[in-house]
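A.B. asks: got a predicted structure plus its sequence, pasted below:
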Amino acid sequence: MAVTFIASSKLPTPWGTFTMHGFFEEETGKEHVVLTMGEIADGQPVLGRLHSECLTGDALFSLRCDCGFQLEAALKAIADEGRGALLYLRQEGRGIGLMNKIRAYHLQDGGADTVEANEQLGFGADQRDYSICKPMLEHLGIKTLKLLTNNPRKVKALEEFGVPVAERLPLQFGLNPHNRKYLATKAGKLGHMLGNIHQAEAD
Ligand SMILES: Nc1nc2c(ncn2[C@@H]2O[C@H](COP(=O)(O)OP(=O)(O)OP(=O)(O)O)[C@@H](O)[C@H]2O)c(=O)[nH]1
Ligand SMILES: [Zn+2]
């Protein structure tokens, strides 16, 4: 997959000043962003996050998911370490786009779980393709990651295209009554490593 690096700038945040790198994905026209901090091209494992776009959680304060809480926690963790990278991937709705995610939420309002809703709309449970990360990581000189995620598919995808994951670090934040069922479905049907949440739902 081809991406073109466009430009870098500073991005001050409440947790520290990151460098923001913009990449343009030729095939889809999507504009991806990577926030980095510190020396990341020295070959040592970099604290990293592949964050899939979630307009509702990341920008609109939604409690239906855990995305906004994870985004904030990941940026804080990178700032605390003084070194790391967050890839903000434009894969809204696990790859089905915002309008279809709203359709899926409508079905979930009627009782479907997050996987059933995608399937009722004719989509796979998770349509994300992480291969776009490879050229961005290469451009930034990142060789290996300490990955902040509960999703084993992300670890597998990175290793498949040649970016070893030195360590997986759990990122469990933002559990609330509105996302309890969603998180239990992620654990039960999508393989997310959220042991305590899955257990709580099963009890
Ligand atoms: N189709 C669909 N997408 C959703 C739904 N809720 C959240 N998303 C999207 O799911 C993506 C985030 O994926 P998650 O499964 O929450 O987490 P993850 O990125 O796989 O795993 P972590 O690295 O542990 O956070 C974002 O693109 C959200 O927009 C939903 O009910 N339906
Ligand atoms: Zn979300």
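C.D. replies: Looks like it came in fine. Ligands and ions are numbered 1, 2, ... in the order given.

A.B. asks: what does this protein put close to ligand 2?
C.D. replies: 54, 57, 65, 67 (Cβ under 5 Å from the ion). The way it works is simple: take the backbone N, C-alpha and C, and place the C-beta from them, glycine included.

A.B. asks: and those residues, which two are the farthest apart?
C.D. replies: Cys54 and Cys65 (6.2 Å; Cβ to Cβ).

A.B. asks: domain-wise, how is the protein divided?
C.D. replies: Split into domains by the TED database, the chain comes to 3-91+128-190, 99-126.

A.B. asks: okay if I get the ones you listed as a markdown table plus mean pLDDT and mean neighbour count?
C.D. replies: Shown next, in a markdown table, are the domains of the chain (pLDDT from 0 to 100; neighbours: other Cβ atoms under 10 Å):
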| stretch | mean pLDDT | mean neighbour count |
| --- | --- | --- |
| domain 3-91+128-190 | 96 | 17 |
| domain 99-126 | 97 | 16 |
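
A.B. asks: just to revisit the earlier point, which one of the residues of the chain next to ligand 2 is nearest Ala2?
C.D. replies: Distance to Ala2, by Cβ to Cβ, is smallest for Cys54 among these, at 25.2 Å.

A.B. asks: if I look at the closest one, how far off is Glu138?
C.D. replies: 26 Å (Cβ to Cβ, to the nearest Å).

A.B. asks: again with Pro14
C.D. replies: 30 Å.

A.B. asks: tell me what the helix or strand containing His21 is packed against?
C.D. replies: Element membership for His21 (DSSP states H and E) is strand 16-25. When contacts are defined as 3 or more Cβ pairs under 8 Å, 6 or more residues apart in numbering; DSSP states H and E, strand 16-25 sits against strand 3-13, strand 31-37, helix 67-81, helix 133-140.

A.B. asks: ok, which of the ones you listed comes nearest Gly97?
C.D. replies: strand 31-37 (14.6 Å).

A.B. asks: now check the closest one, is it near ligand 1?
C.D. replies: No - if you take Cβ under 6 Å from any ligand atom as the test, strand 31-37 misses ligand 1, and the best it gets is 13.0 Å.

A.B. asks: sweet, I'm off.
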